[in-house]
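> Give me the fold of what follows.
(one chain, ligands or ions: 2)
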Amino acid sequence: MRIAVIGTGYVGLVTGVALSEIGHHVTCIDVDPSKVETLSNGIPTIYEPGLEALMKKNTAAGRLAFTAVHSEGLSEAAVVYIAVGTPKRADGSANLDYVESAAKDIARNITQNVIVVIKSTVPVGTNFHILNVINTNTKPGIQVKIASNPEFLREGSAVKDTFHGDRIVIGAEDEATADILAEINAPFNMPILKTDISSAEMIKYASNAFLATKISFINEIANICESLGANVEEVAKGMGFDHRIGPDFLKAGIGYGGSCFPKDTNALVQLAGNNHHDFNLLKSVIEVNNNQQILLIDKILSRFGSLAGKRVAVLGLAFKPHTDDLRESPALVMIPKLAELGADIIAYDPIAIGNAKKQIKEAIAYTEDLPSALQNADFAVIITDWPDVKKINLSAYNQLMNDPIVFDGRNCYSLDAVKQETIEYYSIGRPD
Ligand SMILES: NC(=O)c1ccc[n+]([C@@H]2O[C@H](COP(=O)([O-])OP(=O)(O)OC[C@H]3O[C@@H](n4cnc5c(N)ncnc54)[C@H](O)[C@@H]3O)[C@@H](O)[C@H]2O)c1
Ligand SMILES: O=c1ccn([C@@H]2O[C@H](COP(=O)(O)OP(=O)(O)O[C@H]3O[C@H](CO)[C@@H](O)[C@H](O)[C@H]3O)[C@@H](O)[C@H]2O)c(=O)[nH]1
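Ligands and ions are numbered 1, 2, ... in the order given. Next comes the predicted model:
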């Protein structure tokens, strides 16, 4: 099948590469010519494990190409995926400007019948709206079908998730369209749910909202555990044995970040509100998360009183390990607060520093070397559970820091291991 993918971000690029890997001929289109140039040179514009090799392989095989010219990318496509951003507006709702503009790009440039597949996360009703935008802007006689195919990949394991995900959801108006999309996706060998368009759109929001709820729930339990002297890791383990609950997504910490959970939970609250439903449960999930992201500041202040002149090692900037993405990372909340309180900050991250420098306004020092971050620090704050942070020999805190005081926002170490060392250790939902 000849496929075009509009948008080469985390979703579009991974989707385009994966579709080419299973044998389709894919052209990825992006409005950013510098991205297209980098990608055409075989260099991924995002960090995703396993992506570069697949990208190079399929480009060399002639199944994958990149362009900044919509007419060129769309010229022979039978199916066009829209995978552009749907960021949060100030009121919390999803900004559909990029999706609308991609729809107009399609409408103005296609000369053949196409199926347009919306992969971006969009509120219920958007697919029909976008079909309308395309039909109003395209040439007469061209038949356009629309389908919803929400994406469930996680950053940092996007390639793995695309080939070994839990399900593929296809929302279509007619069986023929759903069948074509099912056929395109068949080589992924995953359960396929064919449903109506509105339900497909809702499945995406409901899934993210449910996962975010699980995280805020366990974080609330963690905070209660702290007051009562219980250990949230033990509690989560005990809960997880119950198949109805499951062991995943019960890791307490400094809250969820990323480009999806914060944005999509807010968008669902808005969507519900616009339809006269006050989604109180989800509002609380968001509030718990906002408080959770700054929880360590209170702990740090009660330990030190003042942070003026204290040197702090911030370990991790990305919102989770194995990605260079900082969108809604707790680091973006913690660093301004620490700076405002007068701390002298050195931040460690193995791959996200390039992106961090674009988003962090405070004058802080950066390093990709973990020991250098710890050298002479008065305390350390763990934001991202990077493998090298988790695997560090705990004696390094003692050897390198002025005072081995660690505030661990990701519960990286077992309390037994910590007890073997002379470090002062504060984590989430566990005895200090
Ligand atoms: N990032 C994730 O892990 C993830 C996972 C599942 C779903 N989603 C959803 O997928 C969508 C895309 O997310 P992302 O993180 O990949 O976004 P992103 O911001 O990383 O990438 C979007 C890309 O689209 C390009 N673009 C914008 N308008 C364009 C146009 N008219 N023509 C061509 N290119 C255009 C931009 O230049 C950019 O490269 C969002 O709706 C998001 O909620 C994201
Ligand atoms: O038990 C947990 C699990 C995750 N997190 C945090 O939650 C955030 C999101 O993590 P994760 O879900 O692994 O990453 P994302 O790449 O944001 O993926 C989510 O958002 C995507 C975009 O919609 C969806 O496609 C995925 O299915 C969904 O998992 C991160 O800050 C994690 O640290 C926790 O605090 N505790």
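> Pull up the residues of the stretch 51-200 of the chain that are close to ligand 1.
Proximity of the stretch 51-200 of the chain to ligand 1, by C-beta under 6 Å from any ligand atom, involves residues 83-86, 98, 101-102, 105, 120-121, 151, 153, 155. Quick note: C-beta positions are derived from backbone N, CA and C, even for glycine.
> Verify the stated contact: residue 199 with residue 172.
No. Between residue 199 and residue 172 there is no contact, the gap being 10.9 Å when judged by C-beta atoms under 8 Å.
> now for the longest helix that the chain contains, which elements pack on it?
Taking DSSP state H as the criterion, the chain has its longest helix at helix 197-228. Packed against helix 197-228 by the contact rule (3 or more C-beta pairs under 8 Å, 6 or more residues apart in numbering; DSSP states H and E) you find helix 126-137, strand 144-148, strand 168-172, helix 232-240, helix 261-274, helix 280-292.
> out of the residues of the stretch 51-200 of the chain next to ligand 1, which are buried?
If you count burial by 16 or more other C-beta atoms under 10 Å, the buried members of those come out as 83-86, 98, 102, 105, 120-121, 151, 153, 155.
> near ligand 2 too, which of these?
Within these, those near ligand 2 by C-beta under 6 Å from any ligand atom are 121, 151, 153, 155.
> now, among the residues you listed, which is nearest to ligand 2?
Among these, residue 155 lies closest to ligand 2 (C-beta to the nearest ligand atom), at 3.6 Å.
> Helix or strand: which one has the residue nearest to the closest one when sequence neighbours are not counted?
Distances taken as C-beta to C-beta, 6 or more residues apart in numbering place residue 323 nearest to residue 155, at 4.2 Å, with adjacent residues excluded. For residue 323, there is no enclosing helix or strand under DSSP states H and E.
> for residue 423, what are its contacts?
Neighbour list for residue 423: 394, 397-398, 404-406 [criterion: C-beta atoms under 8 Å, 6 or more residues apart in numbering].
> Let's have the buried ones among the residues of the stretch 51-200 of the chain next to ligand 1 in a markdown table, adding pLDDT, distance to residue 227 and secondary structure.
Converted to a markdown table, these look like this (pLDDT from 0 to 100; distance: C-beta to C-beta, whole Å; DSSP: H, G, I helix; E, B strand; the rest coil):
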| residue | pLDDT | distance to residue 227 | secondary structure |
| --- | --- | --- | --- |
| 83 | 98 | 44 | coil |
| 84 | 98 | 45 | coil |
| 85 | 97 | 40 | coil |
| 86 | 97 | 39 | coil |
| 98 | 98 | 45 | helix |
| 102 | 98 | 49 | helix |
| 105 | 98 | 54 | helix |
| 120 | 98 | 42 | coil |
| 121 | 98 | 37 | coil |
| 151 | 98 | 39 | coil |
| 153 | 98 | 37 | coil |
| 155 | 95 | 34 | coil |
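> Give me the three-state assignment for residue 259.
Under DSSP: H, G, I helix; E, B strand; the rest coil, residue 259 falls in the coil class.
> follow-up on the earlier one: ok, the residue nearest to residue 155 touching residue 352?
Yes. Counting by C-beta under 8 Å, residue 323 does reach residue 352; the two are 7.3 Å apart.
> Please identify the residues of the stretch 51-200 of the chain in proximity to ligand 2?
So far as C-beta under 6 Å from any ligand atom goes, the stretch 51-200 of the chain lies against ligand 2 at 121, 151-155.
> any idea of the pLDDT on the nearest residue to residue 125 once chain neighbours are set aside?
What sits nearest to residue 125 in space, not counting adjacent residues and going by C-beta to C-beta, 6+ apart, is residue 198, at 7.1 Å. At residue 198, the pLDDT value in this model is 98.
> List the contacts of residue 198.
With contacts defined as C-beta under 8 Å, 6+ apart, residue 198 is in contact with 124-125, 171.
> Closest one to residue 72 out of those residues, please.
Among these, residue 171 lies closest to residue 72 (C-beta to C-beta), at 29.1 Å.
> Just give the nearest non-adjacent residue to that closest one, would you?
Counting by C-beta to C-beta, 6+ apart, the residue nearest residue 171 is residue 200, at 2.5 Å.
> can you check residue 349 too?
Among residues not flanking residue 349 along the chain, residue 317 sits closest, at 4.0 Å (C-beta to C-beta, 6+ apart).
> Would you agree the one you found is in contact with residue 386?
No. Between residue 317 and residue 386 there is no contact under C-beta under 8 Å: 9.7 Å.
> ok, those two, which is more surrounded?
residue 317 (30 against 25; other C-beta atoms under 10 Å).
> what about the more buried one, which helix or strand?
Judged by DSSP H and E, residue 317 forms part of no helix or strand.
> Give me the phi and psi for it.
Main-chain torsions, residue 317, degrees, to the nearest 10: phi -120, psi -30.
> how far away is it from residue 296?
According to C-beta to C-beta, to the nearest Å, residue 317 and residue 296 sit 15 Å apart.
> if you go through the protein in chain order, where are the strands?
Here the chain has its strands, by DSSP state E, at 2-6, 25-29, 64-67, 79-82, 114-118, 144-148, 168-172, 192-195, 311-315, 344-348, 365-367, 379-382, 405-408, 424-426.
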